[in-house]
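Enquirer: following is a predicted model, sequence given first.
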Amino acid sequence: MPQPNIQNMLKQAQEVMAAQQEAQDALKEQRVEASAGGGMVKVVVTGDLKLESLAIDPDAVDPEDVEMLQDLVLAATNEALRQAVDLQEKAMQGASGAGGFDPMQALEGLGLGDALGGLGGGGAPGGAPQLNRAARRAQQKKKS
């Protein structure tokens, strides 16, 4: 079986990370807008999920029905956040390339799938957590 080229893998990982950072920086400049109540409440959220503005039409303010206004604000805010999350997902998919880069798959390709010593959460048979080498040494030291 041919051995994977570590240098190429590292270069690919660095390129993906740089592209993702660029995408995250670009998201800060993008805006999504959502409204509720026929435009009586408008919310603008940035691509990095910051609420930028909230506009409430004075006609939406009814002291007798504050709950309706609260519902409109929540609906508009949740829709804007949903759109911003969609924007993020698309940006990150584009940044990771067509096939993406899976670091765990790269480690397994190098024969280092268990290099994290159980930090992946799998655990050993019988429910006991799988310990890495340093943790096993520390545990043995305590027993001595």
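Expert: Now that the structure is in, tell me what you want to look at. Numbers count the residues shown, from 1 in each chain.
Enquirer: what sits against residue 61?
Expert: Residue 61 sits next to residue 69 when contact means CB atoms under 8 Å, 6 or more residues apart in numbering. (Glycine included, C-beta is placed from N, CA and C.)
Enquirer: I'd like to know how far it sits from residue 41.
Expert: Residue 61 sits at a distance of 10 Å from residue 41 (criterion: CB to CB, to the nearest Å).
Enquirer: where does pLDDT dip in this structure?
Expert: The model of the chain has pLDDT under 70 over residues 1-4, 95-138, 144.
Enquirer: where along it do the strands fall?
Expert: Taking DSSP state E, the strands of the chain run over residues 31-36, 41-46, 51-56.
Enquirer: for the first one, packing partners?
Expert: Which is strand 31-36. Packing contacts for strand 31-36, counted by 3 or more CB pairs under 8 Å, 6 or more residues apart in numbering; DSSP states H and E, involve strand 41-46, helix 66-95.
Enquirer: before we move on, back to that, quick one: which of the strands of the chain is nearest residue 10?
Expert: strand 41-46 (32.5 Å; CB to CB).
Enquirer: could I get that closest one in CSV with only the CA atoms?
Expert: Presented in CSV, the C-alpha positions along strand 41-46 are these (Å, rounded to 0.1, in the frame of the first residue of the first chain):
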residue,chain,number,x,y,z
VAL,A,41,-40.5,44.2,12.7
LYS,A,42,-37.2,44.0,10.8
VAL,A,43,-34.0,42.4,12.0
VAL,A,44,-30.5,42.6,10.5
VAL,A,45,-27.9,40.0,11.5
THR,A,46,-24.3,39.8,10.3
